[in-house]
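Asks: Sequence and predicted structure are below.
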Amino acid sequence: MAAANGDTVRVHYTGKLSDGTVFDSSANGEPIAFAVGSQTVIPGFEQEVVGMEPGESKTFTIPSEQAYGEHDPRLVQEVPRTELPAEMEIQLGMRLTATAQDGREIPLVVTEMSDEAVRLDANHPLAGKDLTFEIELVSVD
């Protein structure tokens, strides 16, 4: 039975960047499960599963605009260190969370730092990157 919209599927996957770096994988765990058409995974991934049958494998690349979008420079902000808690030990690559005026939590990554300021990036870490996936459809329900 081929996967179609509305079906719940279980998929093993390995996601790689264009340089071959693995950014995520289900290889040492359980396959991911999602309903096709529910928009719980990136659109390009979901589209590739449609039509596959259990046991089938494939490799495909999703361009950044169909994955996490392009890197938006408007989401990068320099913040004076005085606006951060004095006891906080800031490190490059550190993940922080800010709270928006509407109460939403915004994930941030420290991308640069100096004695005076810290550059924070609210883009998804995979924004602007083409993603290659190796997948195996385990089951269709």
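Replies: Looks like it arrived, so ask away. Remember, it's a predicted structure, so these values are computed and weren't measured experimentally. Numbering: from 1, shown residues only.
Asks: Helices of the chain, start to end?
Replies: Shown for the chain, the helices assigned by DSSP state H span residues 43-49.
Asks: For Val79, see how far away the nearest residue to Leu75 once chain neighbours are set aside is.
Replies: Spatially, and ignoring its direct neighbours in sequence, Leu75 is nearest to Ala122 (4.1 Å; C-beta to C-beta, 6 or more residues apart in numbering). All C-beta atoms are positioned from the backbone trio N, CA, C, and that covers glycine. Taking C-beta to C-beta, to the nearest Å as the measure, Ala122 and Val79 are separated by 11 Å.
Asks: Kindly report the same for Glu87.
Replies: With distances defined as C-beta to C-beta, the gap from Glu87 to Val79 amounts to 16 Å.
Asks: same thing with Pro125?
Replies: Pro125 sits 19 Å away from Val79, going by C-beta to C-beta.
Asks: List the residues that contact Gln39.
Replies: Applying C-beta atoms under 8 Å, 6 or more residues apart in numbering, one finds that Gln39 lies in contact with Glu46.
Asks: So that it lines up with my notes, have the first residue be 29 from now on.
Replies: All right, first residue 29 from here; so that's Gln67.
Asks: how near is it to Val78?
Replies: In this structure, Gln67 and Val78 are 13 Å apart, going by C-beta to C-beta.
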